[in-house]
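K.L.:
Below is the sequence, then the predicted model.
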Amino acid sequence: MFGALHNVRRRAARLTLTPAQYALTAYVALGALTLIVMSGAAVRLTGSGLGCPTWPRCYGKIYPPLNTHAVIEFSNRMITVPVSLAAIAAFALAFRRRPYRRDLMRLSALLPLGVLAQAVLGGLTVRGALDYGWVMAHFALSMLVVAAAVALAWPASHEHGERPPSTNRTLTLWARATVALGGLTIFAGTAATAAGPHAGGSPGQKINRLDFDGKGTMDFVIHRHGEIALVFGLAALALWWLARRHEADPLIRRSATVTCALIALQGIVGLDQYETHLPTELVWVHVSLASLTWVSVLWTACAAGRLQPRTTASRRPSAASRARVSA
């Protein structure tokens, strides 16, 4: 018996991850949580949101009927399985990372909790017949879970002290403001989709859309979304300029460049889909790009670093004073 226990302990001791291996685990979880947002958008845009009107089973069965909408909606539910495994793995393996880091363990716990909350909210969305409030909340929670995955992947890629606190408060604060504008832009985008023709149901199904001004609702919301997106794009461009103006870390500059490129591409797709009356394929591309842009702007904010306490900065002698002392 004692020999068996010894073998179990020895095998457990072998199951350890290096920092690089755990960082890869965090990246996989981030990729999976981003991809499921795209697959969920495909469900809605194909009109398959109520393909399985019951949850967690489909028409009371553990498998869907041979119906296109049912198969699409049920397939998205099945994708949740590997996504859940990736989230659970990120949490479980945080305990086996060597050296062990408590901050990674705490951050990784948000991933399986977020996936569980998404599953529950997804079920409520189906039972709520895709009411726009449930759908908007479902997408908003997806973005929060993705943000948690970014918050895990970034520190998992760097050891404590590897990247010191930011010495440029303006750049860091601007990066955080850009994140806030990005979140507001995405929220306005979910409202535009909620008021648009892609409510998630198939033809003949009555879905409660966002409607406060009749036929003018969609036009009003889309224009407000466009205006907020323009401010977001200008803020990202200003962040890109600040990063170069102050010769920031190359990682910040690269991340800001990617963010600006994605926003520009988003603008082109957004204008095109508006002019072509919101075709399904372009709307899906727009939502997918929104997810990637969200990841990119969050990554840029992480790269901008933590704020250095003002007291520390004030106590640190300037370059001129150091020169006088040395002289």
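P.N.:
Cool, got the structure.
K.L.:
buried stuff in the host helix or strand of T170?
P.N.:
Take DSSP states H and E as the rule and T170 turns out to sit in helix 169-195. Neighbour-count burial for helix 169-195 flags 171-172, 174-175, 178-179, 181-183, 185-195 (criterion: 16 or more other Cβ atoms under 10 Å). Quick note: C-beta positions are derived from backbone N, CA and C, even for glycine.
K.L.:
model confidence over it, on average?
P.N.:
What helix 169-195 shows for mean pLDDT is 93.
K.L.:
Show me what secondary structure element comes after it.
P.N.:
Counting by DSSP H and E, the next helix or strand C-terminal to helix 169-195 is helix 216-245.
K.L.:
which secondary structure elements does that next one contact?
P.N.:
helix 169-195, helix 250-275 (3 or more Cβ pairs under 8 Å, 6 or more residues apart in numbering; DSSP states H and E).
K.L.:
Turn the ones you listed into JSON lines, columns for distance to L282.
P.N.:
Output for the helices and strands packed on helix 216-245, formatted as JSON lines (distance: least, Cβ to Cβ, whole Å):
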{"stretch": "helix 169-195", "distance to L282": "12"}
{"stretch": "helix 250-275", "distance to L282": "4"}
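K.L.:
who wins for proximity to R224 among those?
P.N.:
When the helices and strands packed on helix 216-245 are compared by Cβ to Cβ, helix 169-195 sits nearest R224, at 6.0 Å.
K.L.:
if we can go back for a sec, so which of the helices and strands packed on helix 216-245 gets nearest G31?
P.N.:
helix 250-275 (15.8 Å).
K.L.:
after the closest one, next one along is what?
P.N.:
That would be, after helix 250-275 and using DSSP H and E, helix 280-304.
K.L.:
Run a quick neighbour tally on L24.
P.N.:
Residues near L24, counting by other Cβ atoms under 10 Å, number 15.
K.L.:
Does it lie in a helix or a strand, and which?
P.N.:
helix 19-45.
K.L.:
starting at the chain centroid, how far to the next helix-or-strand element following that helix?
P.N.:
The helix or strand immediately downstream of helix 19-45 is helix 68-92, counting by DSSP H and E. Centroid displacement of helix 68-92 relative to its chain, using Cα atoms, centre = their mean, to the nearest Å, is 16 Å.
K.L.:
which helices and strands sit right next to helix 68-92?
P.N.:
helix 19-45, helix 102-127.
K.L.:
Ok, which of those comes nearest L234?
P.N.:
helix 19-45 (25.3 Å).
K.L.:
so for that closest one, what's the average pLDDT?
P.N.:
Helix 19-45 comes out at a mean pLDDT of 91.
K.L.:
what do you get for stretch 124-133?
P.N.:
83.
K.L.:
re earlier: out of the helices and strands packed on helix 216-245, which is closest to G123?
P.N.:
helix 169-195 (19.1 Å).
K.L.:
on that earlier part again, mind listing what's buried in the helix holding L24?
P.N.:
19, 22-23, 25-30, 32-45.
K.L.:
Show me what it packs onto, helices and strands only.
P.N.:
helix 68-92, helix 102-127, helix 132-156, helix 280-304.
K.L.:
Recalculate using a threshold of 10 Å.
P.N.:
Using 3 or more Cβ pairs under 10 Å, 6 or more residues apart in numbering; DSSP states H and E, the elements in contact with helix 19-45 are helix 68-92, helix 102-127, helix 132-156, helix 169-195, helix 280-304.
K.L.:
Report the angle between that helix and helix 132-156.
P.N.:
Per axes from the mean of the first three to the mean of the last three Cα atoms, to 10 degrees, the angle that helix 19-45 makes with helix 132-156 is 160 degrees.
K.L.:
how distant is helix 19-45 from the center of its chain?
P.N.:
The answer for helix 19-45 is 9 Å, by Cα atoms, centre = their mean.
K.L.:
now swap in stretch 15-30 and tell me
P.N.:
19 Å.
K.L.:
For the stretch 151-300 of the chain, give me the ranges with low pLDDT.
P.N.:
Residue ranges of the stretch 151-300 of the chain with pLDDT under 70: 198-205.
K.L.:
Return the distance of the nearest residue to P197 once chain neighbours are set aside relative to A195.
P.N.:
Leaving aside its sequence neighbours, P197 sits nearest to L278 (Cβ to Cβ, 6 or more residues apart in numbering; 6.1 Å). Shown here: L278 relative to A195, a distance of 11 Å by Cβ to Cβ, to the nearest Å.
K.L.:
Counting neighbours, what do you get for G216?
P.N.:
By other Cβ under 10 Å, neighbour count at G216 equals 11.
K.L.:
what do you get for the one 10 residues further on?
P.N.:
Other residues lying near G226 total 17 when counted by other Cβ under 10 Å.
K.L.:
Alright, I will stop here.
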